[in-house]
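Novice: Give the three-dimensional model of this entry:
(2 chains)
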There are 2 protein chains.
Amino acid sequence: MKAEIYVTCKQGILDPEGNAVRKALNSIGFDAVGSVRFGKYIEMEFADVDKAEAEKLTEEACRKLLANQNTETYRFEIVD
Amino acid sequence: MKAEIYVTCKQGILDPEGNAVRKALNSIGFDAVGSVRFGKYIEMEFADVDKAEAEKLTEEACRKLLANQNTETYRFEIVD
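Specialist: All right, here's what the predicted structure looks like:
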(Lines give C-alpha, C1' and ligand atoms only; values in the text may rest on other atoms or scores of the structure.)
Protein backbone atom coordinates (compact mmCIF):
# COMPACT_ATOMS: atom_id res chain seq x y z
CA MET A 1 0.00 0.00 0.00
CA LYS A 2 1.37 3.37 -0.99
CA ALA A 3 0.33 6.99 -0.33
CA GLU A 4 0.92 9.68 -2.95
CA ILE A 5 0.85 13.05 -1.21
CA TYR A 6 0.80 16.51 -2.75
CA VAL A 7 1.59 19.55 -0.63
CA THR A 8 1.22 23.06 -2.08
CA CYS A 9 1.04 26.63 -0.78
CA LYS A 10 -2.45 27.80 0.13
CA GLN A 11 -4.11 30.23 -2.25
CA GLY A 12 -2.98 33.74 -1.38
CA ILE A 13 0.27 32.60 0.22
CA LEU A 14 3.39 33.82 -1.56
CA ASP A 15 5.04 31.01 -3.54
CA PRO A 16 8.61 32.23 -4.25
CA GLU A 17 9.74 28.95 -5.84
CA GLY A 18 6.75 28.96 -8.19
CA ASN A 19 7.43 32.57 -9.16
CA ALA A 20 11.10 31.81 -9.78
CA VAL A 21 10.22 28.86 -12.02
CA ARG A 22 7.68 30.95 -13.97
CA LYS A 23 10.21 33.73 -14.54
CA ALA A 24 12.89 31.24 -15.58
CA LEU A 25 10.51 29.57 -18.05
CA ASN A 26 9.35 32.89 -19.47
CA SER A 27 12.98 34.01 -19.86
CA ILE A 28 13.88 30.98 -21.99
CA GLY A 29 10.94 31.44 -24.30
CA PHE A 30 8.00 29.69 -22.64
CA ASP A 31 5.70 32.67 -23.07
CA ALA A 32 2.49 30.64 -22.78
CA VAL A 33 3.28 29.71 -19.17
CA GLY A 34 1.20 31.81 -16.80
CA SER A 35 1.23 31.05 -13.10
CA VAL A 36 3.33 28.25 -11.60
CA ARG A 37 2.77 26.66 -8.21
CA PHE A 38 5.64 24.74 -6.69
CA GLY A 39 5.01 22.09 -4.10
CA LYS A 40 6.16 18.80 -2.64
CA TYR A 41 5.33 15.31 -3.86
CA ILE A 42 5.85 12.51 -1.36
CA GLU A 43 5.46 8.77 -1.89
CA MET A 44 5.16 6.81 1.33
CA GLU A 45 5.18 2.99 1.41
CA PHE A 46 3.32 1.12 4.14
CA ALA A 47 4.02 -2.38 5.39
CA ASP A 48 1.12 -4.61 6.46
CA VAL A 49 -1.69 -2.09 6.70
CA ASP A 50 -5.04 -2.05 4.90
CA LYS A 51 -6.37 0.88 2.88
CA ALA A 52 -8.43 2.42 5.70
CA GLU A 53 -5.48 2.30 8.09
CA ALA A 54 -3.16 3.75 5.40
CA GLU A 55 -5.58 6.66 4.92
CA LYS A 56 -5.72 7.33 8.63
CA LEU A 57 -1.91 7.20 8.99
CA THR A 58 -1.35 9.44 5.96
CA GLU A 59 -3.81 12.05 7.20
CA GLU A 60 -2.07 12.02 10.57
CA ALA A 61 1.43 12.20 9.02
CA CYS A 62 0.37 15.21 6.92
CA ARG A 63 -1.01 17.03 9.95
CA LYS A 64 1.90 16.15 12.25
CA LEU A 65 4.88 16.46 9.94
CA LEU A 66 4.51 16.78 6.18
CA ALA A 67 2.44 19.94 5.76
CA ASN A 68 2.55 23.28 7.56
CA GLN A 69 -1.17 23.84 7.95
CA ASN A 70 -0.75 27.58 8.40
CA THR A 71 0.57 28.09 4.90
CA GLU A 72 0.16 24.81 3.03
CA THR A 73 -2.63 22.59 1.84
CA TYR A 74 -2.37 18.86 1.10
CA ARG A 75 -4.21 16.07 -0.64
CA PHE A 76 -3.34 12.42 -1.09
CA GLU A 77 -4.33 9.18 -2.74
CA ILE A 78 -3.80 5.66 -1.46
CA VAL A 79 -2.77 3.23 -4.22
CA ASP A 80 -1.86 -0.45 -4.22
CA MET B 1 -5.12 24.20 -19.58
CA LYS B 2 -2.90 23.08 -16.70
CA ALA B 3 0.04 20.69 -16.36
CA GLU B 4 0.54 18.69 -13.16
CA ILE B 5 4.16 17.59 -13.04
CA TYR B 6 5.81 15.11 -10.66
CA VAL B 7 9.60 14.98 -10.39
CA THR B 8 11.27 12.30 -8.26
CA CYS B 9 14.76 10.83 -7.83
CA LYS B 10 15.54 7.95 -10.17
CA GLN B 11 15.56 4.47 -8.63
CA GLY B 12 18.98 3.84 -7.10
CA ILE B 13 19.74 7.53 -6.61
CA LEU B 14 20.14 8.55 -2.97
CA ASP B 15 17.12 10.48 -1.72
CA PRO B 16 18.27 12.27 1.47
CA GLU B 17 15.01 14.20 1.96
CA GLY B 18 12.99 11.00 1.66
CA ASN B 19 15.24 9.25 4.18
CA ALA B 20 14.98 12.18 6.59
CA VAL B 21 11.17 12.16 6.37
CA ARG B 22 11.06 8.38 6.93
CA LYS B 23 13.29 8.62 10.00
CA ALA B 24 11.26 11.54 11.37
CA LEU B 25 7.98 9.63 10.86
CA ASN B 26 9.39 6.46 12.44
CA SER B 27 10.68 8.47 15.41
CA ILE B 28 7.23 9.90 16.20
CA GLY B 29 5.56 6.50 16.10
CA PHE B 30 4.71 5.84 12.45
CA ASP B 31 6.26 2.38 12.50
CA ALA B 32 4.30 1.12 9.48
CA VAL B 33 6.02 3.64 7.18
CA GLY B 34 8.70 1.92 5.11
CA SER B 35 10.43 3.79 2.34
CA VAL B 36 9.66 7.43 1.54
CA ARG B 37 10.48 9.18 -1.72
CA PHE B 38 10.52 12.94 -1.71
CA GLY B 39 10.01 14.88 -4.91
CA LYS B 40 8.66 18.03 -6.47
CA TYR B 41 5.10 18.74 -7.56
CA ILE B 42 4.63 21.58 -10.03
CA GLU B 43 1.39 23.03 -11.39
CA MET B 44 1.87 25.09 -14.53
CA GLU B 45 -0.97 27.12 -16.10
CA PHE B 46 -1.05 27.78 -19.83
CA ALA B 47 -2.79 30.61 -21.61
CA ASP B 48 -4.37 30.00 -25.03
CA VAL B 49 -2.83 26.66 -25.94
CA ASP B 50 -4.57 23.39 -26.83
CA LYS B 51 -3.86 20.06 -25.13
CA ALA B 52 -1.32 18.82 -27.70
CA GLU B 53 0.64 22.07 -27.50
CA ALA B 54 0.49 22.01 -23.68
CA GLU B 55 1.94 18.47 -23.70
CA LYS B 56 4.75 19.52 -26.01
CA LEU B 57 5.59 22.60 -23.94
CA THR B 58 5.49 20.65 -20.66
CA GLU B 59 7.78 17.91 -21.99
CA GLU B 60 10.21 20.59 -23.18
CA ALA B 61 10.03 22.53 -19.88
CA CYS B 62 10.79 19.32 -17.95
CA ARG B 63 13.80 18.57 -20.13
CA LYS B 64 15.14 22.12 -20.19
CA LEU B 65 14.49 23.29 -16.66
CA LEU B 66 12.32 21.35 -14.24
CA ALA B 67 14.06 17.97 -14.00
CA ASN B 68 17.71 17.03 -13.83
CA GLN B 69 17.66 14.07 -16.18
CA ASN B 70 20.87 12.63 -14.75
CA THR B 71 19.32 11.99 -11.37
CA GLU B 72 15.59 12.62 -11.67
CA THR B 73 12.62 11.20 -13.48
CA TYR B 74 9.40 13.03 -14.31
CA ARG B 75 5.84 12.41 -15.39
CA PHE B 76 2.97 14.78 -15.99
CA GLU B 77 -0.71 15.07 -16.79
CA ILE B 78 -2.46 17.80 -18.71
CA VAL B 79 -5.83 18.76 -17.18
CA ASP B 80 -8.46 21.35 -18.07
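Novice: check which helix or strand covers residue A:77.
Specialist: strand A:72-79 (DSSP states H and E).
Novice: Show me what counts as buried in that strand.
Specialist: A:72-74, A:76, A:78 (16 or more other CB atoms under 10 Å in any protein chain shown). To be clear about C-beta, it is placed using only N, CA and C from the backbone, and glycine gets the same treatment.
Novice: Specify the local secondary structure of the residue sitting furthest away from the middle of chain A.
Specialist: Distance from the C-alpha centroid of chain A, by CA atoms, centre = their mean, peaks at residue A:29 (26.9 Å). Under DSSP: H, G, I helix; E, B strand; the rest coil, residue A:29 falls in the coil class.
Novice: Quick one: name the residues of chain A near chain B.
Specialist: Proximity of chain A to chain B, by CB under 8 Å from any CB of the partner chain, involves residues A:6-8, A:18, A:21, A:24-25, A:28, A:30, A:32-49, A:53, A:57, A:60-61, A:64-66.
Novice: Give me the subset of those that lies in strands.
Specialist: A:6-8, A:33-46 (DSSP state E).
Novice: hmm, back to that, and the residue farthest from the centre of chain A, its phi and psi?
Specialist: Dihedral angles of residue A:29 (phi, psi; degrees, to the nearest 10) stand at phi 100, psi 0.
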